[in-house]
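A.B. asks: show me the folded form of this:
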Amino acid sequence: MNPFHTPAEMVEFSNLAHWFIGGLLGIILVIAFLQALNYLKYKTAQQLWSILILIAGGFLVPYMLLHHGLDRVDETWQFLMTDPQQRQHFIIGILLILAGISELFSALNVLKGRIWQFMFPAVLVIIGILFMIHNQHGTAEAIHESVIFHRYLGTTLILSGVAKAAEVVWRDRYKKIVYVWMFFMLITTVMLVTYREPDGAYNADYSETQQHESIQKGHHE
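C.D. replies: Numbers count the residues shown, from 1 in each chain. As a prediction, the model looks like this:
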C-alpha cells in the first residue's frame with residue numbers, strides 16, 4: 001500500500017509517467033528518422049538523444065526521491081526500496097541517466113570507441129526485461145491486464161535494443177537497417193502514449209505473486 005498517495009492519484013501519476021516517457025521516445029524516434037534521411041548529422045542527433053535521455057532519467061530519479069519533501073526522504077527511500085514496482089521505476093531512471101551520460105560523452109568525444117554506442121541499446125534491452133517482470137498493484141483483473149500490456153511493451157523494447165545494436169554493428173554495410181529499430185520503437189511509443197491504467201489498478205494491496213498464490217490455492221481446493 002502506498003503511504004503517500006491514494007489509488008486514484010497513483011493511477012494519474014502512472015498514466016502521466018507512461019505518456020511522458022512515450023513522448024520523449026517519440027521525439028528520439030523523430031530525431032533518428034531525420035538523421036536517417038540525412039537532415040541531421042550523426043553527432044548532432046547523438047547530442048540531442050543524450051539530452052532527452054538525461055531529461056527522462058534526470059527527472060524521474062530526483063522526482064521519486066524528493067517530491068514528498070526533503071523531510072520525508074528517508075521514508076520515501078524506504079518505500080522505493082521495499083515496493084518492487086517503485087524499485088524497478090527507480091532502477092529504470094538510473095539506467096536512463098547512465099545511457100544519457102554515455103551518449104553525451106560519446107558525442108563530445110570524451111568517450112571514444114564504438115563500444116560506448118552499445119550503452120543505449122543495452123539499456124533498452126534491460127528496461128524491456130524489467131517491464132516483462134514488472135510488479136503490479138490492484139485487483140486481480142487489473143493486474144492481469146497490466147501484466148499482459150507490460151510484457152508486450154517489454155518485448156518491443158527488447159527488440160528495439162537488439163535492432164539498435166545491430167545497426168551499430170552493420171550500419172556501414174546495410175544502410176536500411178536503421179529503420180528496423182525505429183519500427184519497434186514506434187510501436188513502443190504508441191503503446192506508451194496511449195496507455196491507461198486498467199480499472200482497479202492500485203485499488204488493493206494485491207501483488208502479482210499474491211494473485212498467483214490465490215489461484216494455486218483455488219486449484220487445490
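A.B. asks: contacts only, for Ile27.
C.D. replies: Leu52 (C-beta atoms under 8 Å, 6 or more residues apart in numbering). (Each C-beta comes from the backbone N, C-alpha and C, glycine too.)
A.B. asks: again, but for Ile31
C.D. replies: Counting by C-beta under 8 Å, 6+ apart, Ile31 has contacts 40, 45, 48-49, 52.
A.B. asks: need phi/psi at Ala201.
C.D. replies: phi -60, psi 130 (degrees, to the nearest 10).
A.B. asks: that one contacts Pro7, doesn't it?
C.D. replies: Yes: assessed by C-beta atoms under 8 Å, Ala201 is found in contact with Pro7 at 7.3 Å.
A.B. asks: quick one: the helices in this protein?
C.D. replies: Under the criterion DSSP state H, helices of the chain are mapped to 7-36, 42-66, 73-82, 84-107, 119-132, 140-170, 178-193, 208-220.
A.B. asks: least reliable of those by average pLDDT, please.
C.D. replies: Per-stretch averages of pLDDT across those put helix 208-220 at the bottom, with a mean of 42.
A.B. asks: show me the beta-bridge partners of His137.
C.D. replies: Ser207 (DSSP bridges).
A.B. asks: thinking Leu25 is in contact with Leu192, fair?
C.D. replies: Yes: with contact defined as C-beta under 8 Å, Leu25 reaches Leu192; the gap is 6.7 Å.
A.B. asks: save the helices of the chain as a markdown table, and put in distance to Gly113 too.
C.D. replies: Compiled in a markdown table, these are given as follows (distance: least, C-beta to C-beta, whole Å):
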| stretch | distance to Gly113 |
| --- | --- |
| helix 7-36 | 20 |
| helix 42-66 | 14 |
| helix 73-82 | 34 |
| helix 84-107 | 8 |
| helix 119-132 | 11 |
| helix 140-170 | 11 |
| helix 178-193 | 20 |
| helix 208-220 | 41 |
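A.B. asks: most tightly packed of these?
C.D. replies: Of the helices of the chain, the one with the most neighbours on average (mean count of other C-beta atoms under 10 Å) is helix 119-132, at a mean of 21.
A.B. asks: how about the nearest residue to Gly57, chain neighbours excluded?
C.D. replies: Distances taken as C-beta to C-beta, 6 or more residues apart in numbering place Leu96 nearest to Gly57, at 3.0 Å, with adjacent residues excluded.
A.B. asks: same thing with Gly161?
C.D. replies: Using C-beta to C-beta, 6+ apart, the nearest residue to Gly161 is Leu124, at 3.2 Å.
A.B. asks: any idea how far Ile101 is from Val110?
C.D. replies: Taking C-beta to C-beta, to the nearest Å as the measure, Val110 and Ile101 are separated by 10 Å.
A.B. asks: between Leu25 and Leu192, what contacts are shared?
C.D. replies: With C-beta under 8 Å, 6+ apart, Leu25 and Leu192 have no common neighbours.
A.B. asks: need the overlap of contacts for Ala201 and Pro7.
C.D. replies: With contacts taken as C-beta under 8 Å, 6+ apart, Ala201 and Pro7 have Gly138 as neighbours in common.
A.B. asks: neighbours around the residue nearest to Pro7 when sequence neighbours are not counted, how many?
C.D. replies: Counting by C-beta to C-beta, 6+ apart, Tyr202 is the residue found nearest to Pro7 once chain neighbours are left out, at 3.9 Å. Neighbour count for Tyr202, taken as other C-beta atoms under 10 Å: 24.
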